[in-house]
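S.K.: sequence and predicted structure, then a few things I'm wondering about:
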Amino acid sequence: MADLLSKPYLTISLTDVCNLRCVYCPPAGENYHTPTTMMNPEQACAILDTAVALGVHKVRFTGGEPLLYPHLATVMRHAATCNLEVHINTNGLLLAQNLAWLKTIPNLFVKVSLDAHTNAAMRRIAGAGQAKRVIEGLRQAAVTGIVQRVNFVLTQLNVDEVPGILALCRELGIGLKIFDMFPVPETAVLWQTLYAPIEAINLDGEPAPPYAYTRQYGTPTRELIVDGVHVRIKNCQDGTRYHTVCQQCPFFPCPEGLYCLLVTPSLTVVPCRLGEHLYRHCHDFAELRQAIAQAIQLYQESYFANLFHETHQDFYAASLNHCPQAEFEGVRC
């Protein structure tokens, strides 16, 4: 276990295309750092090889919506041949029609983002009332054992949806991760009105063993067993991990910190989504290897602090300064 945690996991953002428009998500999702919108599959496989050579054990594919990426099967099969633990975050709309090949990928963990169990609530949050379609795909996938959990972002729009989602997870025998809304500059104004604290859902459960990864990287999660469901709670008010170089960032102290090491389609290594001074725009794979190695070192040298809950108004001001059009939905700054 110590060896598995010696490196942060790698996130590869494959495409900025998505078939939903969730109110809390910046344009292009986790791909908003780059002008290149879709990753070349040969490039993605080479990134995987580079990460494995540096000792990375886990990769997470995201977007946009990764199931819209036309080369996903090829890239995920390559990840499996590298003996990586393979994770994919999907909104689930295309899960059922991709299930035949997904279930052939070894060591695969599927996480489905679902913020509502009713069509009406999903329409408010994601612009499309297709919760029932996602749930049907979840049911089919859960039978195969590849679905690890549902990811649920808590906002003022869906506090009352938690019991239904919890009941669904219990029925399917899968876990549930609840996030409070993570602010980025593009959604800073919306965050002021949509944010709902974790305490708003009042979950009662038995404590579960701590999650080892978040004790070492990012925000420490709360682990509970609620009505037989393993519930993981990530709360941006619970602190995170920083490096001394983070203090040069206008958003310091941000709520995310060093949690998710990301590579984008433009071969940009992103140690922190908000810390643009840490981005490394690489021209070749020699530069990429060096940039990933340096980012890993930042993670290994990080320290924990709980600062954001005292300074979120400063973060809001910095966001508007960085992205003055943030109050307009759908802006890309």
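M.R.: Arrived safely, thanks for sending.
S.K.: CA atoms of stretch 271-282 as CSV?
M.R.: Provided in CSV are the C-alpha atoms of stretch 271-282 (Å, rounded to 0.1, in the frame of the first residue of the first chain):
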residue,chain,number,x,y,z
PRO,A,271,-0.4,20.0,-10.9
CYS,A,272,-3.3,22.2,-9.7
ARG,A,273,-6.2,23.4,-11.8
LEU,A,274,-6.0,26.9,-10.4
GLY,A,275,-2.3,27.4,-10.2
GLU,A,276,-1.4,28.6,-13.7
HIS,A,277,2.1,29.5,-12.6
LEU,A,278,2.7,25.7,-12.2
TYR,A,279,1.4,24.7,-15.6
ARG,A,280,4.1,23.1,-17.9
HIS,A,281,3.4,23.4,-21.6
CYS,A,282,5.4,20.6,-23.1
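S.K.: can you list contacts of that stretch?
M.R.: Residues from elsewhere that reach stretch 271-282 (Cβ atoms under 8 Å, 6 or more residues apart in numbering): 30, 33, 184-185, 245-246, 248-249, 251, 254, 256-262, 266-270, 287-288, 291, 294-295, 298-299. For every residue, glycine as well, the C-beta is placed using N, CA and C.
S.K.: mind running it again at 7 Å?
M.R.: Residues from elsewhere that reach stretch 271-282 (Cβ atoms under 7 Å, 6 or more residues apart in numbering): 33, 184, 245-246, 248-249, 251, 254, 256-258, 261-262, 266-270, 288, 291, 295, 298.
S.K.: quick check: buried residues in it?
M.R.: Residues of stretch 271-282 classed as buried: 271-275, 278-280, 282 (neighbour count, 16 or more other Cβ atoms under 10 Å).
S.K.: tell me the pLDDT at the residue nearest to residue 249 when sequence neighbours are not counted?
M.R.: With sequence-adjacent residues excluded and distances taken as Cβ to Cβ, 6 or more residues apart in numbering, residue 249 is closest to residue 275, at 4.6 Å. For residue 275, the pLDDT comes out at 89.
S.K.: so residue 179: helix, strand or coil?
M.R.: strand (DSSP: H, G, I helix; E, B strand; the rest coil).
S.K.: if I pick it, what's in contact with it?
M.R.: 151, 153-154, 234.
S.K.: now for those: which two are most distant?
M.R.: Farthest apart among these by Cβ to Cβ are 151 and 154. That separation is 10.8 Å.
S.K.: okay, these two: which has more neighbours?
M.R.: residue 154 (25 against 20; other Cβ atoms under 10 Å).
S.K.: which residues does the more buried one bridge with?
M.R.: As for beta bridges, residue 154 partners with residue 180 under DSSP bridges.
S.K.: so how far is residue 8 from it?
M.R.: According to Cβ to Cβ, to the nearest Å, residue 154 stands 25 Å off from residue 8.
S.K.: looking at the buried residues of stretch 271-282, which are in strands?
M.R.: residue 280 (DSSP state E).
S.K.: what's the nearest residue to residue 201 if we skip its chain neighbours?
M.R.: In space, residue 201 is closest to residue 162, 4.9 Å off (Cβ to Cβ, 6+ apart).
S.K.: what about the one you found, which helix or strand?
M.R.: Using DSSP states H and E, the element containing residue 162 is helix 162-172.
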